[in-house]
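>>> For reference, the sequence and a predicted model appear below.
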Amino acid sequence: MVNAVTTGADAKVSVRNLEIAYGDATALSGVDLDIRENEIFGVIGPANAGKTSFLKALNRMDMFNPEMKVGGDIHFSGRNTRGLRNVYALRRRIGVVFPLPVGLPMNVYDNVALAPRLGGQRNRAELDVIVERCLRRAALWDEVKDRLDTLGSLLSGGQQQRLTIARALSQQPEVLMLDEFSIAVDPVTTMRIEDVLKQLREEMTIILVTNLVQQARRLADRTAFFLDGRCVEIGVTEDLFTGEVRDQRTRDYVEGRFG
């Protein structure tokens with residue numbers, strides 16, 4: 001079993017004594033962990049365990065909620081994100097895919113081209129290359145290449161979720177965070193996205209929050225188990241299912257005894 005904190009130069013994200021509260025209600029407390037370069041890091045746990053709050057803190061989304069208070073240190077590529085002034089530059093490096101597809105009110109092409117345009121790219125030929133590359137990486141190109149001028153909102157639910165992934169990839173993120181990405185898509189699309197994530201691991205770090213423990217088992221190199229606002233245990237994913245665990249609650253959860 002791997003310890004909760006794995007130090008080393010290969011850590012992409014390091015969290016120390018993370019505390020998150022909404023008003024007087026504590027969402028997370030005392031979280032210490034490292035997420036390595038080019039790994040899929042799973043986060044599992046029942047509802048209200050603090051998983052989504054964890055992602056929001058990593059990407060400084062607490063700025064959108066005055067009730068959300070974050071304490072402790074979060075280092076991304078060696079820099080403490082809590083002290084960064086240019087939060088928007090940070091978010092360009094950390095892409096997020098939410099549980100439900102969030103399509104922008106524009107066509108498929110412009111959904112993917114928006115971030116590069118905001119970054120100063122104006123050359124149409126270069127944008128064409130970026131859009132095709134991101135749609136291919138999201139396993140969507142073959143389905144939409146002849147209707148790039150169609151509103152993204154008119155795609156199927158599974159296609160919209162993959163469009164969201166393509167849009168996140170257009171920022172060329174170093175970290176891609178996914179929060180219950182399969183909650184609104186069918187099993188076939190879920191497996192296609194899982195195949196995409198396995199390939200993307202070679203290029204970036206992926207943080208996968210999921211209520212589906214078998215999904216974490218299929219994808220994650222290491223997994224953290226959150227419960228009642230605490231990080232109970234972190235380990236090599238397969239060990240959490242088949243090896244010795246430090247906390248019986250971990251075994252009870254992955255075997256479906258609660259949650």
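Happy to help now that I have it. As the structure is a computational prediction, the values presented were derived from the model and not from experiment. Numbers count the residues shown, from 1 in each chain.
>>> in what helix or strand does Asp146 lie?
Asp146 belongs to no helix or strand when elements are defined using DSSP states H and E.
>>> how much space between it and Leu135?
12 Å (Cβ to Cβ, to the nearest Å). For the C-beta atoms, the positions are set from N, CA and C on the backbone; glycine is no exception.
>>> More neighbours: which of these two?
More crowded of Asp146 and Leu135, by other Cβ atoms under 10 Å: Leu135, with 27 against 8.
>>> Find the nearest non-adjacent residue to that one, please.
In this structure, Leu135 finds its nearest non-sequential neighbour in Trp141, 4.1 Å apart by Cβ to Cβ, 6 or more residues apart in numbering.
>>> Touching, that neighbour and Leu148? I think so.
No. If you go by Cβ atoms under 8 Å, Trp141 and Leu148 don't touch, sitting 9.7 Å apart.
>>> What is the burial count for Ile40?
Ile40 sits with 26 neighbouring residues when counted by other Cβ under 10 Å.
>>> got the contact list for it?
Neighbouring residues of Ile40 by Cβ atoms under 8 Å, 6 or more residues apart in numbering: Leu197, Lys198, Arg201, Ile206, Ile207, Leu208, Leu219, Ala220, Asp221.
>>> check which helix or strand covers the fifth one.
Secondary structure assignment for Ile207, by DSSP H and E: strand 205-209.
>>> buried stuff in that strand?
Residues of strand 205-209 classed as buried: Thr205, Ile206, Ile207, Leu208, Val209 (neighbour count, 16 or more other Cβ atoms under 10 Å).
>>> next one: whatever helix or strand comes next after it to chain centre, how far?
Using DSSP H and E, the helix or strand that follows strand 205-209 in sequence is helix 213-219. Here the centre of mass of C-alpha atoms in helix 213-219, compared against the chain's by Cα atoms, centre = their mean, to the nearest Å, lies 14 Å away.
>>> any idea of the mean pLDDT for helix 213-219?
Across helix 213-219, the average pLDDT comes to 96.
>>> Can you name the element that comes right after it?
Of the helices and strands lying after helix 213-219 in sequence (DSSP H and E), the nearest is strand 222-227.
>>> right, and Val254 touches Leu240 too?
Yes. Using Cβ under 8 Å, Val254 is in contact with Leu240, at 5.8 Å.
>>> So which of the two has more stuff around it?
Higher neighbour count among Val254 and Leu240: Leu240, with 28 against 21, using other Cβ under 10 Å.
>>> Contact partners for the more buried one?
Applying Cβ under 8 Å, 6+ apart, the residues contacting Leu240 are Thr223, Phe225, Glu233, Thr250, Val254.
>>> Could you report the pLDDT at the first one?
You'll see Thr223 listed with a pLDDT of 97.
>>> how close does it get to Thr237?
Separation of Thr223 from Thr237 (Cβ to Cβ): 4 Å.
>>> hey, what's in contact with both of the two?
Common neighbours of Thr223 and Thr237 (Cβ under 8 Å, 6+ apart) are Gly42, Ala216, Arg217.
>>> which one of these sits closest to Asp128?
Taking Cβ to Cβ as the measure, Asp128 lies nearest Gly42 of these, at 35.2 Å.
>>> just the CA coordinates of the helix or strand that closest one falls within, formatted as PDB?
If you go by DSSP H and E, Gly42 is part of strand 40-44. The C-alpha trace of strand 40-44 is given here as PDB (Å, rounded to 0.1, in the frame of the first residue of the first chain):
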ATOM      1  CA  ILE A  40      -4.600   8.900 -13.800                       C
ATOM      2  CA  PHE A  41      -5.400   9.700 -10.200                       C
ATOM      3  CA  GLY A  42      -8.800   8.400  -9.100                       C
ATOM      4  CA  VAL A  43     -10.900  10.000  -6.300                       C
ATOM      5  CA  ILE A  44     -13.700   7.800  -5.000                       C
END
